[in-house]
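Colleague: need a structure here:
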Amino acid sequence: MALIKRTELPQLLQGLGKGGSEQIYLFFGERYLCREAADSLQKSLLAGPMGGTVNSINGDTEDCGRTLGQLMNFSLLPGVQIFRVTDSRLFHSKDVASVIWSRIVQAHDEKKEAVCRRQLNSFRALAGLSGDDRLAEMAADQWQALFGFARPSGNLVWADEILASSPGQKKMESSGDIASRYVDAFTRGVPPDNILILTAEAVDKRKQLFTFIKKEGVVVDCSVDTGASAAAQKGQKDVLREMVLKSLAGFDKKMAPRALELLFERVGFHPVAVVMETEKLALAVGDRELITVEDLDAMVGRTREDALFELTDAFGKQQVARTLTLLHRLLDQGIHGLAILATMRNYLRKLLIFRSLQLQSEPSWQSGMNAGQFQKVYLPALKEREGEEWSDMLKGHPYALFMSFSKAQEFSCSVLKNYLSQLLQAEYRLKGAPLPPELVLEELFLTMLKGKQQGG
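Modeller: The predicted model follows:
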């Protein structure tokens, strides 16, 4: 067969009944899209006159050798026998390790522990590690040899703690060895009614098994560009729009165009979340056919804390367009301009204090300090020296404090003081000047960001 795009799958499914089906399928890319596409294939395969049985297998805890053994057995049950492996590890290698680690860090930062645990298990498995191996104790050269990229800075105890809550995991056969056995098995031939469906988020396309499936089976590309380019953004919106319209069709509902755009903005590119929010909206409107912006505001509003955090994050990264977009989103959600100023004041005051502490001779702040040095040396010395004066400011997770200190070093004290002065002027104008709040706040942010970009 060949490698096809997810959008080409319906055409392939139409021909399943005419010329039989392949015996091995791979879906790779965005996890939810892989699941949806594999569901469509599974439904078509079971639609035959004899039906069939589905054996669902979790790739995180799978014994790949056992799955292969089951595939080679003839079944006494009628119809097709589908072996469906979710999050397969057969296509992992050092070449995708850095991609998996990026997903681990993102899930950890977003406090998505289940996702983080799943990705950590995959990360550990691609190197053949057991449950007794500790990432935090791994030396830099060992990490480089096992995963093919430099060991991340900082204390990785959090990763081991999450892995410790996973089911016990023995040292596994390497994915390369077991994948070769799969190629040999399908080359010799498996029982004709046995079908293997694999899904994976990250794959090494140079793997022998990948090229074999592309030639002898079907590979379905469910990946979506998650970049910030115009083309990537359009691709993401097209996928989300498809998900929303499909979900609404099941409820016989429609959504106002503006409400659809706001849904994309508030949820972001998270297909599963978009589907869940769409279903929630469809149920909430009752007998009404059209879902409006008012319905969206009532059911899918961002929390004030999350939205304000996004604003300070965009400002700190000097992202002018994103800062203004988030500013207007906050105002549209009814958050008062003075509340926005209060958040910015707290944010800038914290940066100013941290920057002032960095300028002290003891303890010495070093540009380029990593998270491990910060947590083990700098932070304890700082807490001991400062005593109770800044104790509240120095509480919280050490890594979060490290990120704040790292951001603070990008600013001078004079710039931060100037920002606070401009904030005070904007507050006076909001309270007394007959100007729309959005104009006052737009001018404030543009002035501050322009000044920083010009080296102010």
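Colleague: Please make it C-alpha for all contacts and neighbour counts, starting now.
Modeller: Will do.
Colleague: Which pLDDT value does the model give Glu443?
Modeller: pLDDT recorded at Glu443 is 92.
Colleague: Quick one: residues contacting the nearest residue to Thr278 once chain neighbours are set aside.
Modeller: Among residues not flanking Thr278 along the chain, Val244 sits closest, at 6.3 Å (Cα to Cα, 6 or more residues apart in numbering). Residues near Val244 by Cα atoms under 8 Å, 6 or more residues apart in numbering: Val274, Val275, Thr278.
Colleague: just for the stretch 251-400 of the chain, where's the confidence low?
Modeller: Applying pLDDT under 70 to the stretch 251-400 of the chain flags residues 301-306, 386-391.
Colleague: for the stretch 1-150 of the chain, same thing?
Modeller: 1, 17-20, 130-131.
Colleague: Just the element for the residue nearest to Thr278, please.
Modeller: Element membership for Val244 (DSSP states H and E) is helix 230-251.
Colleague: on contacts alone, who are the packing partners of whichever helix or strand comes after that helix?
Modeller: Per DSSP H and E, the first helix or strand lying C-terminal to helix 230-251 is strand 254-255. If you count contacts as 3 or more Cα pairs under 8 Å, 6 or more residues apart in numbering; DSSP states H and E, strand 254-255 packs onto strand 290-291.
Colleague: what's the strand it packs on in contact with?
Modeller: Lys253, Lys254, Met255, Ala256, Ala259, Leu281, Ala282, Val285.
Colleague: Format the residues you listed as CSV; extra columns: neighbour count and distance to Gln319.
Modeller: Shown next, in CSV, are the contacts of strand 290-291 (neighbours: other Cα atoms under 10 Å; distance: Cα to Cα, whole Å):
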residue, neighbour count, distance to Gln319
Lys253, 19, 37
Lys254, 18, 34
Met255, 21, 31
Ala256, 11, 30
Ala259, 17, 25
Leu281, 21, 32
Ala282, 25, 35
Val285, 14, 37
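Colleague: now the helices for the stretch 51-200 of the chain?
Modeller: Using DSSP state H, counting those that start in this stretch, the helices of the stretch 51-200 of the chain run over residues 64-71, 94-109, 113-126, 140-147, 157-164, 175-188.
Colleague: Repeat that for the stretch 301-450 of the chain.
Modeller: Under DSSP H, counting those that start in this stretch, the stretch 301-450 of the chain gives helices at 304-316, 320-332, 337-358, 371-373, 379-386, 398-408, 413-432, 437-453.
Colleague: Need these in a markdown table (columns: distance to Val85).
Modeller: Converted to a markdown table, the helices of the stretch 301-450 of the chain look like this (distance: least, Cα to Cα, whole Å):
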| stretch | distance to Val85 |
| --- | --- |
| helix 304-316 | 35 |
| helix 320-332 | 39 |
| helix 337-358 | 46 |
| helix 371-373 | 37 |
| helix 379-386 | 45 |
| helix 398-408 | 36 |
| helix 413-432 | 53 |
| helix 437-453 | 49 |
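Colleague: which one of those lies closest to Ile197?
Modeller: The closest of the helices of the stretch 301-450 of the chain to Ile197 is helix 304-316. By Cα to Cα, the value is 38.3 Å.
Colleague: quick one: buried residues of the helix or strand Thr278 falls within?
Modeller: Thr278 is part of helix 271-284, with elements assigned from DSSP H and E. Buried residues in helix 271-284, counted by 16 or more other Cα atoms under 10 Å: Pro271, Val274, Val275, Glu277, Thr278, Glu279, Leu281, Ala282.
Colleague: could these go into CSV alongside distance to Tyr182?
Modeller: Listed next are the buried residues of helix 271-284 as CSV, based on distance: Cα to Cα, whole Å:
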residue, distance to Tyr182
Pro271, 32
Val274, 36
Val275, 35
Glu277, 40
Thr278, 40
Glu279, 40
Leu281, 45
Ala282, 45
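Colleague: hang on, the earlier thing: looking at the contacts of strand 290-291, which is nearest Ser404?
Modeller: Ala259 (35.4 Å).
Colleague: From the rest of the structure, what touches the helix or strand hosting the closest one?
Modeller: If you go by DSSP H and E, Ala259 is part of helix 257-267. Outside helix 257-267, the residues that touch it by Cα under 8 Å, 6+ apart are Lys237, Leu240, Arg241, Ala273, Val274, Ile291, Thr292, Val293, Leu296, Val300, Gly301, Arg302.
Colleague: where's that helix relative to the chain centroid, distance-wise?
Modeller: 19 Å (Cα atoms, centre = their mean, to the nearest Å).
Colleague: That one vs helix 230-251, what angle?
Modeller: 110 degrees (axes from the mean of the first three to the mean of the last three Cα atoms, to 10 degrees).
Colleague: Just the buried positions in helix 257-267, please.
Modeller: Buried residues in helix 257-267, counted by 16+ other Cα under 10 Å: Ala259, Leu260, Leu262, Leu263, Phe264, Val267.
Colleague: Repeat that for stretch 396-404.
Modeller: Pro398, Leu401, Phe402, Ser404.
Colleague: quick one on the thing from earlier: with Gly48 as the reference, name the closest of the helices of the stretch 301-450 of the chain.
Modeller: Closest approach to Gly48 among these (Cα to Cα): helix 304-316, 48.6 Å.
Colleague: which residues are contacting the closest one?
Modeller: The contact list for helix 304-316 (Cα under 8 Å, 6+ apart) reads 320, 322-323, 326-327, 330, 335, 340, 343-344, 347, 407, 449.
Colleague: so what's the nearest residue to Gln318 once chain neighbours are set aside up against?
Modeller: Nearest residue to Gln318 in three dimensions, chain neighbours excluded: Leu449, at 6.3 Å (Cα to Cα, 6+ apart). Leu449 sits next to Phe315, Gln318, Val320 when contact means Cα under 8 Å, 6+ apart.
Colleague: Let me see the confidence value for Leu449.
Modeller: 88.
Colleague: what about Gln119, distance to Gln144?
Modeller: Distance, Gln119 to Gln144, using Cα to Cα, to the nearest Å: 19 Å.
Colleague: neighbour count winner among these two?
Modeller: Neighbour comparison, Gln119 and Gln144: the larger count goes to Gln119, with 23 against 14 (by other Cα atoms under 10 Å).
Colleague: list the contacts for the residue nearest to the more buried one when sequence neighbours are not counted?
Modeller: Ranked by Cα to Cα, 6+ apart and with sequence neighbours excluded, the top spatial neighbour of Gln119 is Ile104, at 5.8 Å. Taking Cα under 8 Å, 6+ apart, we find Ile104 in contact with Val115, Cys116, Arg117, Gln119, Leu120.
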